[in-house]
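Trainee: what follows is a protein structure lacking sequence information:
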């Protein structure tokens, strides 16, 4: 499974692509889509949309995982990040790719085992889990890789639950029974 993780923002949208083969995770690439504050919001969103479309064509992911919006005291920032999230979801939908959201708490829990882990802990574990030589230079790219890792863990555990449910007595081996029991 190939997962494109996204840390949304209008100034800098981090992206990271992870391949999950069973328990083995590897990075296929990461970076940032950077826009300038001199441009109008619509132009910035268009750039994010276009560059994300290029990434979707290049990596052909099975899923896009996006960090949920963390609402803080700056409502204007939250609104612009929400715009970026919408453009990201639109690009995924245009390519027929499932798009899922993960909260910062869920990401920290999946990557470090502790939902209140600090940014450095998450980055270090991302480096370890992906066998990287160093932590990605951009915090946004590192965060995007962590989002992709989160989806890999969730997807793997969901497959395991479905298989166990299908094998349970009375399940009759049907896919429908596995879905109902989840």
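Mentor: All right, it came through fine. Bear in mind that the values here come from a model prediction, so they are computed numbers and not experimental data.
Trainee: helices along this structure, start to end?
Mentor: Secondary structure of the chain by DSSP state H: the helices cover 41-59, 75-94, 104-112, 119-129, 139-167, 175-181.
Trainee: need those helices in CSV with mean pLDDT, distance to residue 4 and mean neighbour count, can you?
Mentor: Quick note: C-beta positions are derived from backbone N, CA and C, even for glycine. Formatted as CSV, the helices of the chain follow (pLDDT from 0 to 100; distance: least, CB to CB, whole Å; neighbours: other CB atoms under 10 Å):
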stretch, mean pLDDT, distance to residue 4, mean neighbour count
helix 41-59, 98, 6, 16
helix 75-94, 92, 8, 16
helix 104-112, 95, 15, 20
helix 119-129, 96, 15, 18
helix 139-167, 82, 7, 20
helix 175-181, 34, 25, 13
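Trainee: and of those, who's closest to residue 5?
Mentor: helix 139-167 (3.0 Å; CB to CB).
Trainee: check contacts around the residue nearest to residue 131 when sequence neighbours are not counted.
Mentor: The spatially closest residue to residue 131, leaving aside those adjacent along the chain, is residue 26, at 7.0 Å (CB to CB, 6 or more residues apart in numbering). Neighbour list for residue 26: 18, 19, 130, 131 [criterion: CB atoms under 8 Å, 6 or more residues apart in numbering].
Trainee: by neighbours, which of these wins?
Mentor: residue 18 (30 neighbours; other CB atoms under 10 Å).
Trainee: on the strand side of things, show who residue 63 bridges to.
Mentor: residue 3, residue 98 (DSSP bridges).
Trainee: isn't it up against residue 101?
Mentor: No: in this structure residue 63 lies outside contact range of residue 101 using CB atoms under 8 Å: 11.5 Å.
Trainee: more neighbours, these two?
Mentor: Each of residue 63 and residue 101 has its neighbours counted (other CB under 10 Å); residue 63 has more, 20 against 15.
Trainee: residue 32 and residue 130: what is the separation?
Mentor: Per CB to CB, to the nearest Å, residue 32 is found 17 Å from residue 130.
Trainee: same question for residue 13.
Mentor: Distance from residue 13 to residue 130, by CB to CB: 20 Å.
Trainee: I'd like the distance between residue 51 and residue 101.
Mentor: Taking CB to CB, one finds residue 51 at 20 Å from residue 101.
Trainee: cool, and residue 3?
Mentor: Distance of residue 3 to residue 101, given as CB to CB: 13 Å.
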